[in-house]
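Engineer: dropping the sequence and predicted coords here.
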Amino acid sequence: MKLAIIGQQDFGKAVLEAFLARGDTVAGVFCAPEKPGGRPDVLKVAAQEKGVQVFQFPGLKTPEAKEALKKLEVEIGVMAFVLQFAPQDFVSIPKHGTIQYHPSLLPKYRGPSSINWPISRGDAKTGLTIFRPTDGLDEGPVILQKETAIGPDDTLGTVYFDRLFPMGVQAMLEAADLVVAGKHRESVQDESKATYEGWFREAESRINWANQVDVVYDLLRACNPAPGAWTTLGGVKLQIFDCKKHPVRTFGAVKGKIGEVVEAGATGFQVTAQGGRIEVLRAKLGDGKKVAAGELLTAGSIKPGQILGS
């Protein structure tokens, strides 16, 4: 199979290496230009090391980008984590068109933060979709999907790196084979079930300790390791990463006020929310490093009785 890869970062690199490892011909790689002073994209570096031609255009709508893809004469285009807009007159150039990876079960969770949102809502499953890119964001016909459970203590990191990342690489190979062989089916997305969410960034990741403890815990899981759920301590930003949830069963078991640090031990500290407490195990205070919560306690940065988020 002769193909072109459009992508970036670690997922794009893994997809490149997977196709090359089984003997396919990657005629070219398209990735976005680095920002001034930024490090070279790992996909770009990997492609250059393997002798694959690299193209970096400011946009894929340019005549230069389209002409470059035409000259490669590839059978299929493979979009692996792409943030640049790819118009129809670009993706339709390969003989069998182009396929794209998205880490959700489309049509649910269209958009750029499709792994964060289902975890933050307490969903029990998610998955990935390989589809035909259209001018609508994540709206094209579905070629194949793979499901995976979201466990009660899963985080963004475990869901993506342990499952959606490796599953996605293999799904791209499988889908490319089906399309080139003409054995695939394309299913139109059901718009009545579609949702779109934007970026899950700082505003979305702020902790409200007055929420029920399950809601707080789901937010923390959805933001670990990025963007990092956060609160404040004396006006200083405190990001919380690894943590545990401790439900409260009776009125007599309630400790302290909402947002109060009520317990501290060798491994971490507990904060009161509605219906339970969050035990913080790893955190980052201000401009400091991400450390075990016990280190913040030992340094005296956090003490019982302090109120977070006030």
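Structural biologist: Noted; the coordinates are in hand. Numbering: from 1, shown residues only.
Engineer: what's the burial count for W117?
Structural biologist: 20 (other Cβ atoms under 10 Å). (Glycine included, C-beta is placed from N, CA and C.)
Engineer: my read: it touches Y109, true?
Structural biologist: Yes. With contact defined as Cβ atoms under 8 Å, W117 counts as touching Y109 (5.4 Å).
Engineer: what residues do these two have in common as contacts?
Structural biologist: E197 (Cβ atoms under 8 Å, 6 or more residues apart in numbering).
Engineer: and the helices in the stretch 151-300 of the chain?
Structural biologist: 156-159, 165-181, 213-222, 293-298 (DSSP state H, counting those that start in this stretch).
Engineer: helix or strand for Y101, which one?
Structural biologist: strand 98-102 (DSSP states H and E).
Engineer: how about A47?
Structural biologist: A47 belongs to helix 42-49, assigned by DSSP H and E.
Engineer: what's the next secondary structure element after that helix?
Structural biologist: With DSSP H and E, the next secondary element past helix 42-49 is strand 54-55.
Engineer: where in the stretch 1-150 of the chain is pLDDT low?
Structural biologist: Counting by pLDDT under 70, not a single residue of the stretch 1-150 of the chain qualifies.
Engineer: now do the helices in it.
Structural biologist: 9-21, 42-49, 63-72, 88-91, 116-120.
Engineer: which of those helices is buried the deepest?
Structural biologist: Most buried of the helices of the stretch 1-150 of the chain by mean neighbour count (mean count of other Cβ atoms under 10 Å) is helix 116-120; its value is a mean of 23.
Engineer: so for E263, which of the helices of the stretch 151-300 of the chain sits nearest?
Structural biologist: helix 293-298 (10.6 Å; Cβ to Cβ).
Engineer: any idea of the mean pLDDT in the closest one?
Structural biologist: Averaged over helix 293-298, pLDDT sits at 95.
Engineer: C-alpha coordinates for that helix, CSV please?
Structural biologist: The C-alpha atoms that make up helix 293-298 are tabulated as CSV, following Å, rounded to 0.1, in the frame of the first residue of the first chain:
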residue,chain,number,x,y,z
ALA,A,293,1.0,15.6,48.1
GLY,A,294,3.0,14.5,51.1
GLU,A,295,5.9,16.8,50.0
LEU,A,296,3.6,19.8,50.1
LEU,A,297,2.5,18.8,53.7
THR,A,298,6.1,18.3,54.8
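Engineer: and that helix, which residues are buried?
Structural biologist: Burial within helix 293-298, assessed by neighbour count using 16 or more other Cβ atoms under 10 Å, is assigned to 293-294, 296-297.
Engineer: roughly how far apart are the residue positioned nearest the centre of the chain and G127?
Structural biologist: Nearest to the geometric centre of the chain sits I115, at 5.0 Å (Cα atoms, centre = their mean). Counting by Cβ to Cβ, to the nearest Å, the separation of I115 from G127 is 10 Å.
Engineer: list residues touching both of these two?
Structural biologist: What both I115 and G127 touch, as defined by Cβ under 8 Å, 6+ apart, is the set 103-104, 164.
Engineer: from V82, how far off is the spatially closest residue to T195 that is not a sequence neighbour?
Structural biologist: Once flanking residues are discounted, T195 sits nearest to K108: 5.3 Å by Cβ to Cβ, 6 or more residues apart in numbering. Distance, K108 to V82, by Cβ to Cβ: 20 Å.
Engineer: okay, now the nearest residue to T155 once chain neighbours are set aside: neighbour count?
Structural biologist: Leaving aside its sequence neighbours, T155 sits nearest to N224 (Cβ to Cβ, 6+ apart; 4.2 Å). By the measure other Cβ under 10 Å, the count of residues near N224 is 24.
Engineer: next one: R121
Structural biologist: 14.
Engineer: just checking, it touches D218?
Structural biologist: Yes. Because the distance of 6.8 Å satisfies Cβ under 8 Å, R121 is recorded as touching D218.
Engineer: which residues touch G309?
Structural biologist: With Cβ under 8 Å, 6+ apart, G309 has these contacts: 207-209, 231-232, 259.
Engineer: ignore what I typed, I meant F55.
Structural biologist: F55 sits in contact with 28-31, 65, 68, where contact means Cβ under 8 Å, 6+ apart.
Engineer: so where do the strands sit in the stretch 151-300 of the chain?
Structural biologist: 229-233, 236-240, 243-247, 261-264, 269-273, 276-280, 282-285, 291-292 (DSSP state E, counting those that start in this stretch).
Engineer: can I get those in TSV with mean neighbour count and distance to D214?
Structural biologist: TSV is the format used below for the strands of the stretch 151-300 of the chain (neighbours: other Cβ atoms under 10 Å; distance: least, Cβ to Cβ, whole Å):
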stretch	mean neighbour count	distance to D214
strand 229-233	20	14
strand 236-240	19	16
strand 243-247	17	7
strand 261-264	18	18
strand 269-273	25	9
strand 276-280	23	8
strand 282-285	21	20
strand 291-292	16	25
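Engineer: nice, that's everything, thank you.
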